[in-house]
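S.K.: Got a predicted model here, sequence first, then my questions.
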Amino acid sequence: MSTLRYLLFIATIFFTTQVAAQGVSFTGIIQDAHTKEPVSYASVYFKRSGVGKTSDSAGKFSFYISNFTKDTLVVSYVGYELYKIPVTDSMNDKTIVIQLQRGAATNGVIVRSRFNKGLFLWKKIMSKKKQYNRYNLANFGYEAYNKLEIDIKNFKTDKAKKNFLLKPFAFVFDNIDSTSEKEPFLPAYLLESVSDYAFQKNTKKFFENIKASNTKGFTNESITKLMGVMNQNVNTYGNYVNVMDKDFIGPFNDNADVYYNFFVPDTQVVNGKKIFHFVFTPKRAGQNTFEGDAWVMGQTFQIQKINLYLGKDANINYIDRISVFQEFIPLNDSVYFLNRDKFFADFKILGKQSLTFIGRKSTSYRNIIINNDSISNLFKQQNIEEVVKTDPGSNLKTDSIWNVLRHDTLSANEKAIYATVDKLLQMPKFQRLQNTLKFIGTGYKQLTNYEIGPWFNWISSNAWEGTRLRFDLGTTTGFNKHIYLHTYLAYGFGDKKFKGKAEAFWILKRDPKRFRLHASYSNDIDNGINQIGDVGQDNIFSLAIRKPNTTRKFLQLQDVRLEVFNELGKGFSTEWFISHRKFDPLKNLPFKASFPVKQGESLTNFEVALKVRFAYLEQFVEGDYFRYSLGTKYPVAELMLGKGVSGVLNSAYSYTKIGASVKDYMKISPYGSFSYKVYAGKINGTLPFTFLENHPGNDIYYYNSGSFNLMNRFEYLSDKYAGVNVEHNIGSGLFRFIPLTRKLKLRQFWNAKAVWGSLNAENTALNNSAGAFKTLNNDTYLEVGTGIDNILKVLRLDFVWRVLPRPLPANKTSRFGIFGSFQFQF
């Protein structure tokens, strides 16, 4: 028995030794969790044994352990959270993907010394900045493959499938990706394009020709152009990096050492060449800066690759995180050029637990040429600064052609978008859901070839009409792609009268130069809209924001007009107006009898006018019939000429008008943005108030940017005037020094509006017989204001003071006011 026990003991020892001696081999790839780019030279080690190594330049590592025991693998890299994973023998012969999340920029370790190696390296990079900045080359060009993907994250799949709105589209959830990221996401939209791009330094010119484009989700050529290389370039060596139309101070800004701390935590030798790991972090919270790192060549101080991450305290809305990655390759011994870049952003519109929209934009570059005569010859034929062209049929490329054009293959997620979105967009139920959401958001409801709305104009109220009902009807592209018809009918229960409007737009030509006709007839109350974007009083919301103790003035307007818009090119456009207007004062204004005439009908005119506009390189987003300006980096100038002709259609007045304006919006980083408008005008003729300059006032507490908000409508008249509006949006300003206001991301601004005006003796005598109007008499009207912007991300409060003319009104509400407005902004 003892012999048997002895043999069993020996066998147990033998087999246990065999198991303990079993070897384990596995490999790994370390990636940034957001950009999926490899993390080079990360520390990888076992917690218990201390055995470790660093990943290679591609983020890869491998281990073979002959005498394996259970342990924990730890991955450490500056700027990321520690990553720990249990290692068991089940990992044998497998490859693991490790995704690091951004964390403390220095992992809690700061090496202090008398010599700041990080600052020294930054100065070396800056000494080469002009040489390495590609925009300092004489010219360059390349082929770019651009890809934009939008995904949806934070999906509760089970709940979404049961949701009565989403239940009909349950097949979409089959494409949720639960493998490539820590959290599953749903691919929703994909845009890809291939284009030829060129740049010339002197004289500065840009060119892009989009050779192929492919969109899954919605198709809009203007969006394709805006998402091309021309408008989406990130220049690492620039002073500022533009993110969502906001300028962020770059780590290689000329004064970056004022805003950043610099470190060099690691040095590697690759192919006999030393490269430095350069790390940067913001010095102060609340400033629009980045944190991140770069690998820098040791002898030449060229950037090999760089990662930029949005600082957690940056004052930007709806963005959970932003990552920018760029990689550079050598073209020759002295020039490194951009090879790949990525821009990833996570959007959370309604808070941390809401749906997250992930935007992933990646671009690769091929056939790079620099300082080449072929580019110089190309630009000899280009006479404006920027040109973006689209080849005919660029959106009709077959799958086989795309397989050749792409610089890389589509991932499984991207292929899923093709199948999912195509099927979704064709579903009648999804189209109805789209229309419902559009109706709630924009006010318009599409009914096959027609649309109704906006719903917020359906009911309103005022002192003259009482309760007012209004119904609008318009056509859609299903009726005609080039002709838009619109009409509305309104009825007031107080004055017991119908009002309305009928109009037609005919777009004869869209590209490259737009040509449009517009004809309209309207007979309605003048509701006081001074410019596009201002809020009139013909909507349900105006009921709650009217100023108390303000005498509202009512005026009936019958207007017949024809407009001809012609885009001339190079930023110039003209618009001709032929109009016939008939006014009828209704309440709190002098009646027609106060303005007797010798011929024609009082308060009736016939006018021919011409507007000449210059907006160089203005960008637009195209809608079905209308286009919406995104502005331009240059000033916009307008000249308006008008001639009133008496004796035509009972017109009683002969006069001339001239007006001009210049406006601009400028980024003055790092001090925010500044906008201004300068204008002047003169009217020659003896005219009633309806045809003079009625300086725009505001009768409601909704802030109107183009009006004097403490001036009442029809308060001041002029026939000669000049004015200026300025506004400085500071950004965080003083709010960044207070933890609470910094967390709330409040923003500061100030503004001022001034107008100088006069009214000649004839016009004064005609219009002020009843004392209904004022004139500035060569004096100045001035309002100044400041306030708080970005309250709850959408609300702005303006505190406005009326400074001139003196003496100030006895009514205190006319000297100071608080106004609100809403806006969506990043």
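M.R.: On my side now, so go ahead.

S.K.: all helices of the stretch 251-400 of the chain, in order?
M.R.: Counting by DSSP state H, counting those that start in this stretch, the stretch 251-400 of the chain has helices at residues 256-259, 373-380, 399-405.

S.K.: quick one: the longest one to chain centroid distance?
M.R.: Right, the one you point to is helix 373-380. In terms of C-alpha atoms, centre = their mean, to the nearest Å, the centre of helix 373-380 is set 33 Å apart from its chain centre.

S.K.: For that helix, which helices and strands make contact with it?
M.R.: strand 139-153, strand 185-200, strand 205-216 (3 or more C-beta pairs under 8 Å, 6 or more residues apart in numbering; DSSP states H and E). Backbone N, C-alpha and C define where each C-beta goes, glycine included.

S.K.: Output those strands in JSON lines; the columns should cover distance to Arg516 and mean neighbour count.
M.R.: As requested, the helices and strands packed on helix 373-380 are arranged in JSON lines below (distance: least, C-beta to C-beta, whole Å; neighbours: other C-beta atoms under 10 Å):
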{"stretch": "strand 139-153", "distance to Arg516": "31", "mean neighbour count": "21"}
{"stretch": "strand 185-200", "distance to Arg516": "28", "mean neighbour count": "22"}
{"stretch": "strand 205-216", "distance to Arg516": "25", "mean neighbour count": "21"}
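
S.K.: Next, format those as a markdown table and append mean pLDDT.
M.R.: Output for the helices and strands packed on helix 373-380, formatted as a markdown table (pLDDT from 0 to 100):
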| stretch | mean pLDDT |
| --- | --- |
| strand 139-153 | 86 |
| strand 185-200 | 82 |
| strand 205-216 | 87 |
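
S.K.: sorry, back to before: winner for burial among the helices of the stretch 251-400 of the chain?
M.R.: Per-stretch averages of neighbours, counted by mean count of other C-beta atoms under 10 Å, single out helix 256-259 among the helices of the stretch 251-400 of the chain, with a mean of 17.

S.K.: In JSON lines: the helices and strands packed on helix 373-380, plus distance to Phe325.
M.R.: Listed next are the helices and strands packed on helix 373-380 as JSON lines, based on distance: least, C-beta to C-beta, whole Å:
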{"stretch": "strand 139-153", "distance to Phe325": "14"}
{"stretch": "strand 185-200", "distance to Phe325": "18"}
{"stretch": "strand 205-216", "distance to Phe325": "22"}
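
S.K.: quick one: low-confidence parts of the stretch 151-300 of the chain?
M.R.: Applying pLDDT under 70 to the stretch 151-300 of the chain flags residues 154-188, 217-232.

S.K.: Just give me the neighbour total for Arg713.
M.R.: Residues lying near Arg713 (other C-beta atoms under 10 Å) number 22.

S.K.: pLDDT wise, what is it at?
M.R.: Arg713 is assigned a pLDDT of 86 by the prediction.

S.K.: How about the residue nearest to it when sequence neighbours are not counted: which residues does it bridge to?
M.R.: Using C-beta to C-beta, 6 or more residues apart in numbering and skipping residues adjacent in sequence, the residue nearest Arg713 is Gly697, 4.2 Å away. Assessed by DSSP bridges, Gly697 has beta-bridge partners Phe708.

S.K.: Just tell me which of the helices of the stretch 251-400 of the chain ends up closest to Pro548.
M.R.: helix 256-259 (47.6 Å; C-beta to C-beta).

S.K.: Give me the contacts around that closest one.
M.R.: Residues outside helix 256-259 that contact it (C-beta atoms under 8 Å, 6 or more residues apart in numbering) are Leu119, Trp122, Ile249, Gly250, Asn253, Phe280, Pro282, Lys283, Arg284, Gln287, Thr289.

S.K.: Could you report the neighbour count for the fifth one?
M.R.: Going back to what we said before, that points to Asn253. Asn253: 22 neighbours (other C-beta under 10 Å).

S.K.: which residues touch it?
M.R.: Asn239, Tyr240, Tyr259.

S.K.: Spatially, and excluding backbone neighbours, which residue is closest to the first one.
M.R.: In this case it means Asn239. Asn253 (4.4 Å).

S.K.: measure Phe620 to Phe344 for me?
M.R.: Shown here: Phe620 relative to Phe344, a distance of 27 Å by C-beta to C-beta, to the nearest Å.

S.K.: Over to Met126?
M.R.: Counting by C-beta to C-beta, the gap from Met126 to Phe344 is 27 Å.

S.K.: the more surrounded of those two?
M.R.: More crowded of Met126 and Phe344, by other C-beta under 10 Å: Phe344, with 21 against 16.

S.K.: The closest residue to Ile483 other than its chain neighbours sits in which helix or strand?
M.R.: Spatial nearest neighbour of Ile483, excluding adjacent residues (C-beta to C-beta, 6+ apart): Trp506 at 5.1 Å. Element membership for Trp506 (DSSP states H and E) is strand 497-509.

S.K.: Tell me the buried residues in that strand?
M.R.: For strand 497-509, a neighbour-count test (16 or more other C-beta atoms under 10 Å) marks Lys499, Gly500, Lys501, Glu503, Phe505, Ile507 as buried.

S.K.: Next: stretch 68-80.
M.R.: Buried, per 16+ other C-beta under 10 Å, within stretch 68-80: Phe68, Asp71, Leu73, Val75, Ser76, Tyr77, Val78, Gly79, Tyr80.

S.K.: any idea whether Ser460 is helix, strand or coil?
M.R.: strand (DSSP: H, G, I helix; E, B strand; the rest coil).

S.K.: bridging residues for it?
M.R.: The partner residues for Ser460, given DSSP bridges, come to Arg468.
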